[in-house]
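Trainee: my questions are about this predicted structure, shown below with the sequence.
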Amino acid sequence: MQPFVGLPRFDTGKPVVGLWKPVTGMLGAAALALAGGLAVTAPAQAANTITLGAAVQLTGSLANTGRYYRDAYNLAIDQINAKGGVTVAGTKYQLALKILDSQSDVNLGVRQYVQLLTQDKVNFLLGPFSSNDAMDDSSVAEKYQVPMIQGGGASGQIYARGYKYIFGTLPAAGDYFASTIKMMMTLKPAPKTVALIAANDSFDVSVAKGTRELLKKAGLKIVVDEQYPESSSDFSSLLSLTKSKHPDVILWSGHETEALNFIRQAKSLNVNPHLLYSFTVGVPTADFRKALGADANYAFGMTPWLPSPGLKDAWFGDAAQFATLYQTKFGYAPDYHAASAVADVEAFVRAIEAAGSVNPQKVRDAIAKVNFDSLYGHIKFGANGQIVMPQTVIQVQNGELVKVYGTKFYAKPAYPLPPWSKR
Amino acid sequence: MKIRIIFIVVVVLALLAGVPWYGSASIVQFGIDALLTATLAQGWNLIGGYAGYPSFGNSVFYGLGTYGTAIAMAQFGLPFWAGLVVGGILAVLCALLLGIPILRLRGPYFAIATLGLAAAMGAVIANLGIAGRNNGLILPLFRGDALFYELALGLLALTTLMIYLVSESRFGAGLIAIRENEDAAAVMGVNTTLYKVMALALSGFVSALAGGIHAYWITFIDPGSAFDATLNVKMVIMAVFGGPGTVLGPIIGAFLLSAISEVLAAKISTVAGLFFGGVIVLAVVFMPKGLIDVGYGVRRLGLSYFVQNIRQNRL
C-alpha cells in the first residue's frame, strides 16, 4: 500500500535528524528571499505632483470590469492635467496615478494598498472594483487614515462600519429599485403583487432588504420572496414557484449570467409576470441584448448613469463628450463603472482645492463637504460616506435601450408585458 | 553540533521577529501572508507528509478557525484570544467527526473525499444566521500589523516545534509507518485509526489558528474567502515543493513560492500566473521529493541527481 507515491521514503527509525544541516542554511536563504522579495525602490516624487494610488483587478476573474477603473482613472487624470491640474493654495500641481494589478486576489489587493501608502507614498487612494474588494481594501485606508474614494462597491456593509476615510460614488444597493417602484405606482393597470428574487451575496441581499421596505411602503404585496445561491444556473424550481403565485411583477437581483439563464428558462417554462419584470444587472449592457436577441425586449433595468449631454462637467464638457472620448481612446464604450471612477478622481480634485492642502485629514473633511456637478451626476456624500443618487429606469424596446423614467417619464414604457406566446 | 543548530535557529527566528522594526510595512504585510501560508503547509505536512494521507480539505479547518474567531468577536463581542480558542475547538471537533469516517479511505479515495469538504462547509456557513449567511462578518479594526506579524511568526514557530517533537516521538514513527505500509503498521501494533485521527486533529488545530489570525487582520470574511478551494492546492504545492514529511521543508517551500509569486506579480503581472505554473511544473519534474531532498541529493550525486529524478519518473 503506497498512499502517496511522490513522497520521500525514509526508514522508520530517526528520519529527520540528519536533515538539520542542509536545512538550516536553506532556511536562512528563504528568510533572505522573504526580506528581499519586496524590496522595490520607491519612485522619486516629482515636485508639485499629487499621486493617487489604486490596486485594480487588471487580470483574473474580475478583469473585465476592472479595466473600466484603470482606463477611467487614466483618462480623468490626463484630462485634468491637460486643463491645468490642481491648484492648492495658489500653487499648480499635476496629478499622477500609480496603479497596481491585484490579479482579482483580495489578499494581494490589501497588500498592494499598504505598499502604495508606505512604499510608493501615494497621497490618496482610489478604489478597486467590487464590494468584497472594497470592503477589505478600505480597511487599509482606515488603518492608515488616508482617504479613499471608491466607485466599485455599492454594498451598504462598506459604510456600516463607522469608518471615517471611505467614500463611495455607487448609490446604495437598497435603493436600486426605488425609482422602478415609483414608476410602477403611476402605471395603469397598477400592479398589486410582487415576486422578489435575489442572489445570496452581500450586494444582492442588500438590494432585497431595501426593496422589501420600499415595497411595503408602496403598499404592494410580496407573494414570492426567495434567495438563490450565487452563480446558480438552474432556476426551474424558482420559476415554478413563481408561476404558481401569479405575481404582477418580478423584481430580480443577481449577476449578468444568472439573469440570462433566468430569462431563457422563464421562456422555456413559459413563466411570465402579468405586468413587468426588472433586473438589477444586464439590461444596460450590449452583451445582454446580443445574447438574448428578441427575448431581451420588455426587460426593465436601471442604471445610475447614461452618457447624456445633460450631465455637465468642468473637465470633459458633458457626459456625451466623455463617452465619445473614452470610446475613441480605448475602443469600447464606458458604462456607469467608468463614469463613477471619473467622479472619484474629480471629487479628490475638488476636495484638495477646497482644503488648500494635501494633508489627509484636511482633505478627508473636505471630501465630506464636496458638492458639485460632474459627468456622472451630482456628487455629494451622505453622512456615512456613500453618495445619494437616484437610478434611471431603462428598458429594452425593439432591441434598443430606452431611458424610461427618472423623476419623470422620458419615454413611454412598453407595458404591460405580453405573454411569451404573443411576442 | 546540536548547540550550533539551536544557535542558527535562534538567530533566524530573531531576524524574522525583527522584521517589523527594520522592514517596510509592505514586507510586514507580505510576511503575515507568507507566515500564515507556511503554517498551513506545516499543518498539512502532518497529515499529508508524515501520515501520507494527502488531504485536499484542510481549508475547512482554516475556514472554521476564521469563522470561529469572527463569530466570537463580531457576534458576541469576545476578545481575540477567546475567538482563537473557539475556532481551534471547532476545527478539532470537525477533524474528529470527519476523520473517523473518511480516514478509513486510502490513497486517491481519501483525496477525493476531502475535495468537497471546503465547498460543503462553505454552503453550510452561507445558511447560518449566526455566521452572517453569505454576507460575511465584519471584525473590529485593529491598527497593529506588527502584532499580527509576531503572532503569525509565533504560531509558525510553535507548529514547527510540534512537528519536530512529533517526528522524534513514537507517534511520529507510527505515522511514518502508516505512510509506508499501513497494513504492516497495524500488524506491528500501531493503532492506525487513533494515530491518523490525531494527526488530522493537530493539523486542523494549527490551520484554524492561522485562519483566526487572518480573520482579525483582514477585518472582513465571507464564505467564499474563508473556504477558498485554491488554498488547499496552495498548501499542498508548497509542502511538496519544499519537501513533505520533513520538519523544515514546507516552511522553505512556502517562503520561496510566496516570494516568487510576489515578485512575479509585481514585475510581470499579466503573465505571472503562467510563470508561477511553470516554476511548479519544473519543480515537480526535477525535484519531485522537494527542495530538502535536493539538498543532499546534489551533495551525493552532483547534477546527475536531477537526471536520476527524471529517469525514475520515466519522463
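Mentor: That came through, no problem.
Trainee: are stretch A:130-149 and chain B in contact anywhere?
Mentor: Yes - applying C-beta under 8 Å from any C-beta of the partner chain, one finds stretch A:130-149 touching chain B at A:132, A:135-136, A:139, A:142-143. Placement of C-beta: from N, CA and C, glycine included.
Trainee: now that stretch: buried residues?
Mentor: Buried residues in stretch A:130-149, counted by 16 or more other C-beta atoms under 10 Å in any protein chain shown: A:130-144, A:146-149.
Trainee: surely A:Asp225 meets A:Leu196?
Mentor: Yes - if you go by C-beta atoms under 8 Å, A:Asp225 and A:Leu196 touch, sitting 5.0 Å apart.
Trainee: joint contacts of those two?
Mentor: A:208, A:212 (C-beta atoms under 8 Å, 6 or more residues apart in numbering or on different chains).
Trainee: pull the number of nearby residues for residue 188.
Mentor: With no chain named, the answer covers chain A. 6 (other C-beta atoms under 10 Å in any protein chain shown).
Trainee: wrong one, chain B
Mentor: 11.
Trainee: and B:Phe80, by the same measure?
Mentor: When neighbours are counted by other C-beta under 10 Å, B:Phe80 registers 19.
Trainee: the one 4 residues further on too?
Mentor: Each residue near B:Leu84 was counted by other C-beta under 10 Å, and the total is 24.
Trainee: could I get the buried residue list for the one helix or strand it maps to?
Mentor: Remark: B:Leu84 resides in helix B:80-102, with elements defined by DSSP states H and E. For helix B:80-102, a neighbour-count test (16+ other C-beta under 10 Å) marks B:80, B:83-88, B:90-92, B:94-95, B:98-99, B:102 as buried.
Trainee: in those, find the pair that's most separated.
Mentor: Using C-beta to C-beta, the buried residues of helix B:80-102 reach their maximum pairwise distance at B:Phe80 and B:Ile102, which is 31.6 Å.
Trainee: checking the most centrally placed residue in chain B next. Helix, strand or coil?
Mentor: By C-alpha atoms, centre = their mean, the mean C-alpha position of chain B lies nearest to B:Leu40, the distance being 1.6 Å. Assigned with DSSP: H, G, I helix; E, B strand; the rest coil, B:Leu40 falls in the helix class.
Trainee: quick check: it touching B:Tyr62?
Mentor: Yes - look at B:Leu40 against B:Tyr62 with C-beta under 8 Å: they come within range, at 6.3 Å.
Trainee: list residues touching both of those two?
Mentor: Shared contacts of B:Leu40 and B:Tyr62, counting by C-beta under 8 Å, 6+ apart, come down to B:207, B:210, B:231.
Trainee: per-residue pLDDT of residue 119, please?
Mentor: No chain was given, so I picked chain A. pLDDT, A:Gln119: 87.
Trainee: wrong one, chain B
Mentor: We have a pLDDT of 82 for B:Ala119.
Trainee: measure it to B:Thr230 for me?
Mentor: 12 Å (C-beta to C-beta, to the nearest Å).
Trainee: so the two - more neighbours on which side?
Mentor: Using other C-beta under 10 Å, the more surrounded residue of B:Ala119 and B:Thr230 is B:Ala119, with 15 against 10.
Trainee: now the element after the host helix or strand of that one, going C-ward?
Mentor: Taking DSSP H and E as the criterion, B:Ala119 maps to helix B:117-125. Next helix or strand after helix B:117-125 toward the C-terminus (DSSP H and E): strand B:137-138.
Trainee: show residues contacting that next one.
Mentor: A:135, A:157, A:160-161, B:67, B:70-71, B:74-75, B:131, B:219-222.
Trainee: next one: phi and psi at the residue nearest to B:Gly122 when sequence neighbours are not counted?
Mentor: Excluding the flanking residues, the one nearest B:Gly122 by C-beta to C-beta, 6 or more residues apart in numbering or on different chains is B:Phe227, at 3.5 Å. Backbone torsions of B:Phe227, given as degrees, to the nearest 10, read phi -110, psi 50.
Trainee: okay, B:Phe227: pLDDT?
Mentor: So B:Phe227 comes in at 89 (pLDDT).
Trainee: A:Leu32 now?
Mentor: A:Leu32 is assigned 47 on the pLDDT scale.
Trainee: show the contacting residues for B:Gly57.
Mentor: B:Gly57 neighbours (C-beta under 8 Å, 6+ apart): B:98, B:113-118, B:232.
Trainee: correction: A:Glu353
Mentor: By C-beta under 8 Å, 6+ apart, the residues touching A:Glu353 are A:86-88.
Trainee: now do B:Met198
Mentor: B:Phe171.
Trainee: the one 3 residues further on too?
Mentor: Under the criterion of C-beta under 8 Å, 6+ apart, the contact list for B:Ala201 reads B:92, B:95-96, B:99.
Trainee: neighbours around residue 233, how many?
Mentor: Assuming you mean chain A. A:Ser233: 10 surrounding residues under other C-beta under 10 Å.
Trainee: meant chain B actually
Mentor: B:Val233 has 12 neighbours, counted by other C-beta under 10 Å.
Trainee: kindly report the same for B:Arg299.
Mentor: For B:Arg299, the neighbour count with other C-beta under 10 Å is 11.
Trainee: do A:Lys290 as well
Mentor: The burial count for A:Lys290: 10, using other C-beta under 10 Å.
Trainee: and it, that's in a helix?
Mentor: Yes - counting by three-state DSSP, A:Lys290 falls inside a helix.
Trainee: pull the contacting residues for it.
Mentor: Counted by C-beta under 8 Å, 6+ apart, A:Lys290 has zero contacts.
Trainee: and stretch B:20-37, which residues are buried?
Mentor: B:20, B:23-37.
Trainee: verify the stated contact: A:His274 with A:Lys243.
Mentor: No - using C-beta under 8 Å, A:His274 is not in contact with A:Lys243, being 11.6 Å away.
Trainee: so how far is chain A from B:Ser258?
Mentor: Separation of B:Ser258 from chain A (C-beta to the nearest C-beta, to the nearest Å) stands at 8 Å.
Trainee: now that residue: closest residue in space, sequence neighbours ignored.
Mentor: Among residues not flanking B:Ser258 along the chain, B:Ala34 sits closest, at 4.0 Å (C-beta to C-beta, 6+ apart).
Trainee: over to A:Ser253: give its phi and psi.
Mentor: phi -140, psi 130.
Trainee: hmm, B:Ser261 is touching B:Gly278, no?
Mentor: No - B:Ser261 is beyond contact range of B:Gly278, at 11.9 Å (criterion: C-beta under 8 Å).
Trainee: those two: which is more packed in?
Mentor: Between B:Ser261 and B:Gly278, B:Ser261 has the larger neighbour count (other C-beta under 10 Å), namely 21 against 12.
Trainee: the more buried one sits in which helix or strand?
Mentor: Under the criterion of DSSP H and E, B:Ser261 resides in helix B:249-267.
Trainee: that helix - contacts with which helices or strands?
Mentor: In terms of contacts (3 or more C-beta pairs under 8 Å, 6 or more residues apart in numbering or on different chains; DSSP states H and E), helix B:249-267 is packed against helix A:20-36, helix B:25-44, helix B:229-242, helix B:272-286, helix B:291-301.
Trainee: could you say which of the ones you listed is packed most deeply?
Mentor: helix B:25-44 (a mean of 27; mean count of other C-beta atoms under 10 Å in any protein chain shown).
Trainee: I'm done for today, thanks for sticking with me.
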